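*Asks:* following is a predicted model, sequence given first.
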Amino acid sequence: MYQTFIGLEIHIHLITNSKVFCSCRNEFGAEPNTNICPVCMGYPGVLPSLNAEAVRKSYQVCMALDCTLNETAIFERKNYFYPDMPKNYQISQFAFPFGINGFFDIDLGGGTVKRIRIHDVHLEEDAGKMIHSGGVSFLDYNRAGTPLLEIVTEPDLASGEEAEIFLQQFRQMVRYLGVTDGNMEEGSMRCDANVSINEQGKGLGIKTEVKNLNSSRFVNKALEYEIKRHTKVISAGGTIIQETRLWDEDRNVTRSMRTKESSNDYRYFPEPDLPPYLPDKDFLQEVRESLVELPLARKGRFMSEYALSESSAAFVTGEKEIADFFEKMVQHGVAPQTAARWLSGDVQKQLNLSGESLKASALTPERLSRLLVMVEDGKISRDAAKKVLAAIFTENEEPEKLVKDLGLEQVSNKEDLEKVVSEIVNAHEKVAEAIRNGADKQIGFLMGQVMKATAGKANPKIAQQLIKNNIFKQG
Amino acid sequence: MHIFEKRWSTALSADKKEYTQFVMRQDETVESFLQFDPERGIALQHTNGSLAGIPFGVKDNLAVDSYQLTCGSKILSGFTSPYTATAVQKLIDNGAVVVGKTNLDQFGMGSSTDTSAFKKTNNPWDTERVAGGSSGGSAAAVAAGLVPFALGTDTGGSVRQPASFCGIYGLKPTYGVVSRYGLTAYASSLDVVGVLSKTVDQSRIVFNLMKGQDERDNTSIMHPGSSNGGAVKRIGVLTAQKGVLHPDVEKSYAEAVGRLQQNGYTTREIDIETMKYVVPVYYTIATAEASANLARYTGIRYGYAAQDAKSSSDLMEESRNEGFGDEIKLRILLGTYVLRSGFQDQYYHRAQKIRTAIRNEFSRLFNEVDVILMPVFPTPPFKHGDSELTPFQQKVADKYTCAANLTGFPAISIPSSVENGLPVGVQLIAPPFEEERLFAVARVCEKDFPSPDSPLYKTSWS
């Protein structure tokens, strides 16, 4: 039996107004080479100027991962030549990054939580992009100098599936913090994975690194492929070659990446253009106090405080905006289960239809709460509420107005309903007789008739009671 | 007495032709400017101020918008800067006018200005000799009377040594008090923008206008001012060992010491134990930083690009091979060598430790003396070529100037005498932020021995 060791190197693009060392805009998808300046283009004489917003977000991640914060963080130059890297060195952190020795707990379901150790968290600048097309290469430096936070785990993950879960929950966490959008397809979250296997108890084996993994699903598949490959080689008495491999998503295999240099010597040395960074105590305190409740903790609290089921709590806490929305609804008097059911059901359906995010939509916690309180109070039916919900999305109106405009108010007035009920019962004397003789199910038929006569507006509870009263009183 | 003679403030007025023709005529002999084009500087001028209309030269490794920025190297031939260095901008904001870019050793690496890819600058005292380096163009332009002051950069003595070779003043401020933004990096932890001028007060006013913290340079700091109002009583005089200095330099050095004593200063001979490590430490740190700083020149985004390269890596390799001079390649190789993984403890880290030891020794000495006097360079201006000093000997000779860069302390080179028709200077070093002490002593000496006029120096344009 072999033991598997997987470590991840995750890069996240921090959301900031400007790049990490200059004032150029930090945005995705602009026209090539429009967000550039002498600094991020590495012109002669320019110097980096550290972006405070990027530093703040870095520390948020460090704290969320319970890292030890280095008293002094030092930027270093990582030297290598590549056309998309303007200075041909990358400003990064190496010996003294912002954070070290942290951990991240992943929820494997059913109450099982696994602690994954974090080696370090460091801030660096991204490179530009080289695009090859028909024998010509183009360079786009818009991305050059955008802030990139690298999170390195210890090799504590044991399977492709665990790696996938780690990435999903890590992504959820950094989105909670609001430091990145975590979009793997657009490259704002990237992941390299290293994997080794060895006989039980013998420690780490010889590892391979897998790159080109632009979804957590691919990370899982690529790692499972590598584990099988390693097992096959080692079982046959062979040895693994330490190398970097690329995931080929079309063929579902990893391929050896031919490298020109067998081993890179990055010749790290402290960046003389940036003084050592000593975080101020007040600043750190302020960042710590501004940290939001993280998904795993929030899920646990929702289960105990609101008595939500695990799956329901997992859905509601999946995105911070949904969880916030949920708690506002509870504050507005909606029963937690009801709020969770609507959010995961009909609200989600409407969002899928409109393609909007909850935040951007016309639905607010107040509107949805008032709508559901109307159902609770018997003013409208559940079906009517669904119609109103859809209308809120399209009409951007208050639920009360929509109930009126759509004529969905339930008839709860007993006198009005009694009149309708007695007409229906009189018209269906045979059915009434049958019910008197014990055919309870036939009440449903009479209910249908009442609804038909009131265009669905009759309050079903009251209507049913009135039907029963009517039949048995006569009898 | 005005800080700048009247002819300087009117040089670029209505009849600026006289001045510009004078410069062009003189510079045929001196070859100090790589680009002389006052019109661009006039176009940049937007205000009056304490330097209204005063022309100045800028070493061609400092960025000035619309001017070329070659660093004296083929790899940046044809490159025009799209922005202006903070230090230069501050002078422009006080009315001064850039008139051109001065020659230098490629990327500031050299002591002769002869490693420039474009021209050799001649010493206005003897055109067969070098003006020193690497700010040789700036020094020669001031000594030939083409501008009253010029900006240089000093990484290991590049302002002070040419100032000494040309008989003028050369100030290297405390590291960090003048922004490096726009200074093309050679060795970032040592590079400083400095001033070369004909009088002490000119250097002083220019320095005071340039200093200040800059948000574009995170290593820049606010100048806190002198701790004692620039007062100097005790001067430590570095003992000049027999046979180390050229006889002319030795004579001049003794003369300078005598002048200080006559003016009432208490002098005291001192030895500096760590001086013997200065050159190896300097060349380890400077080349390590240079190997990274010069990596950006690949022909891909700007500057010289090799023709017919077949791939991006070929383009980078060939552009660098064809664009860099030998001295640059030597230093990049050396820097790459000392930074290899597994060898850093032996070279780079060790050099940093010794650098700290040097700084500590200087700091200790400054508990006992207010400034330190030492030679600038062991020889008078030498002839072009290798005949008098080989490139290796030139490096060894950086001993006296490099200490101020390794410690970050301010230093000034002042003229001390003319020996056999060639100027010789001495150097004063002060504790950090004590530029005022340097100016105070330099002014006292200036009264007895002002900057001597070179044979080419003229006080009128005709």
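*Replies:* Done, it's in.
*Asks:* domain ranges for chain A?
*Replies:* As assigned by automatic domain parsing, chain A contains the domains A:2-283, A:293-405, A:414-474.
*Asks:* how far out from the middle of the chain is the last one?
*Replies:* For domain A:414-474, the separation from the chain centroid amounts to 50 Å (computed by Cα atoms, centre = their mean, to the nearest Å).
*Asks:* what about stretch B:301-310, start to end distance?
*Replies:* 17 Å (Cα to Cα, to the nearest Å).
*Asks:* make TSV from the domains of chain A and add distance to residue B:333 to it.
*Replies:* For glycine as for every other residue, the C-beta is placed from the backbone atoms N, C-alpha and C. Below are the domains of chain A laid out as TSV (distance: least, Cβ to Cβ, whole Å):
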stretch	distance to residue B:333
domain A:2-283	13
domain A:293-405	50
domain A:414-474	87
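*Asks:* weakest of these by average pLDDT?
*Replies:* The weakest mean pLDDT among the domains of chain A belongs to domain A:414-474, with a mean of 84.
*Asks:* returning to what we had before: okay, the domains of chain A in CSV with mean neighbour count and distance to chain B next?
*Replies:* CSV is the format used below for the domains of chain A (neighbours: other Cβ atoms under 10 Å in any protein chain shown; distance: least, Cβ to the nearest Cβ, whole Å):
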stretch, mean neighbour count, distance to chain B
domain A:2-283, 18, 4
domain A:293-405, 17, 32
domain A:414-474, 16, 67
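*Asks:* what about residue B:128, which SS state?
*Replies:* Taken by DSSP: H, G, I helix; E, B strand; the rest coil, the conformation at residue B:128 corresponds to strand.
*Asks:* now do it against residue A:375, distance only.
*Replies:* According to Cβ to Cβ, to the nearest Å, residue B:128 and residue A:375 sit 101 Å apart.
*Asks:* nearest to residue B:100 among the domains of chain A would be which one?
*Replies:* Judged by Cβ to Cβ, the one of the domains of chain A that comes nearest to residue B:100 is domain A:2-283, at 17.5 Å.
*Asks:* end to end, how far does that closest one reach?
*Replies:* One end of domain A:2-283 sits 47 Å from the other (Cα to Cα).
*Asks:* residues from the stretch 251-400 of chain B in reach of chain A?
*Replies:* Counting by Cβ under 8 Å from any Cβ of the partner chain, the residues of the stretch 251-400 of chain B close to chain A are B:288-289, B:291-292, B:295-296, B:298, B:300-302, B:312-313, B:316, B:336, B:339-341, B:344, B:348.
*Asks:* change it to 7 Å
*Replies:* B:288-289, B:292, B:295-296, B:298, B:300-302, B:312, B:316, B:336, B:339-341, B:348 (Cβ under 7 Å from any Cβ of the partner chain).
*Asks:* for the chain, which segments count as strands?
*Replies:* With no chain named, the answer covers chain A. Ranges of strands within chain A are A:2-13, A:68-69, A:75-79, A:89-93, A:99-109, A:112-125, A:129-133, A:136-140, A:147-153, A:189-199, A:208-213, A:244-248, A:253-256, A:269-270, based on DSSP state E.
*Asks:* wait, chain B was what I had in mind.
*Replies:* Here chain B has its strands, by DSSP E, at B:33-36, B:55-59, B:97-102, B:122-123, B:126-130, B:149-154, B:169-172, B:192-197, B:234-238, B:266-270, B:371-375, B:411-419, B:422-429.
*Asks:* now for the last one, which elements pack on it?
*Replies:* If I follow you right, that is strand B:422-429. For strand B:422-429, the packing partners by 3 or more Cβ pairs under 7 Å, 6 or more residues apart in numbering or on different chains; DSSP states H and E come out as helix B:160-166, helix B:247-262, strand B:371-375, strand B:411-419, helix B:435-448.
*Asks:* so, low pLDDT: which residues of chain B?
*Replies:* Scanning chain B for pLDDT under 70 picks out B:1.
*Asks:* count of residues packed around residue B:343?
*Replies:* By other Cβ atoms under 10 Å in any protein chain shown, 14 other residues sit near residue B:343.
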